[in-house]
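Engineer: Got a sequence here, can you model it:
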Amino acid sequence: MESSTFLSKIKSAFRVSAHTLETFDFIFTCVGRYLAIKTWVSLATGISVMVWLMIIGVSYPVLWGLVAFLLHYIPNIGSLIAAIPAILFAMVDVNVGTAVLAAGGYALVNLVFGNILEPIFMGRGLSLSTLVVFLSLIFWGWVLGPVGMLLSAPLTMIFKIAFESFPSTRWVAILLDSEVALPLDMPPAGTKSPAGTSRT
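Structural biologist: Sure, this is the predicted structure:
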């Protein structure tokens, strides 16, 4: 609702074409869907990690769950980064067996939420290659510091969706994507977009 009002204000203020407004509406919709799905999956990941570590007796499960929640925003490597300190701490805090259980729990949670459920909900066209993730981590960390490192993937995804929405820059989106196939064209009204949303 807010985005529609904002776009109407832009149209009135700058007299932009309807096609341009549709393009920006498409971008806002895709970005909003990406952030919403990523947040819910990250939250489920953090809660699952917290509960599992609590069950096996690792201290500070809430802290490790929070770390897992935050770092899940970084695709491909975020869950690994979140797991390493918790597993090492479990080894020191309890014993090696508990550390192995913690590692198994992290692996299972990442498999279910990161590799199965998240791709299903995200759909095609909302993924980044591993190399791009590393490079964006470095770039946004340099520009914005630690906050930029945490938000590197969402920020890069925003640019990817924007690039994909314009024919002249779609090649950039193809290079950023983790898939070999070409990203889908912007759909006509009433059809599914790459993010699984509907344009009307």
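Engineer: What are the structural domain limits within the chain?
Structural biologist: Domain assignment of the chain by automatic domain parsing yields the ranges 31-122, 124-200.
Engineer: And these, which one averages the lowest pLDDT?
Structural biologist: Lowest mean pLDDT within those: domain 124-200, at a mean of 71.
Engineer: before we move on, the earlier item: mind putting the domains of the chain in CSV, mean neighbour count included?
Structural biologist: For every residue, glycine as well, the C-beta is placed using N, CA and C. Converted to CSV, the domains of the chain look like this (neighbours: other Cβ atoms under 10 Å):
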stretch, mean neighbour count
domain 31-122, 18
domain 124-200, 16
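Engineer: and residue 23, which of those is closest to it?
Structural biologist: Nearest of those to residue 23, taken as Cβ to Cβ: domain 124-200 at 5.2 Å.
Engineer: and the longest helix for this structure?
Structural biologist: helix 18-56 (DSSP state H).
Engineer: now for it, which elements pack on it?
Structural biologist: Contact partners of helix 18-56 among helices and strands, from 3 or more Cβ pairs under 8 Å, 6 or more residues apart in numbering; DSSP states H and E: helix 2-14, helix 61-71, helix 78-93, helix 96-109, helix 118-122, helix 152-164.
Engineer: What's the separation between the nearest residue to residue 91 once chain neighbours are set aside and residue 48?
Structural biologist: Using Cβ to Cβ, 6 or more residues apart in numbering and skipping the chain neighbours, the partner closest in space to residue 91 is residue 99 (3.8 Å). Note on residue 99: its distance to residue 48, by Cβ to Cβ, to the nearest Å, is 18 Å.
Engineer: ok, now residue 128?
Structural biologist: 23 Å.
Engineer: what's the answer for residue 81, then?
Structural biologist: Distance, residue 81 to residue 48, by Cβ to Cβ: 17 Å.
Engineer: do residue 70 as well
Structural biologist: For residue 70, the distance to residue 48 equals 15 Å [Cβ to Cβ].
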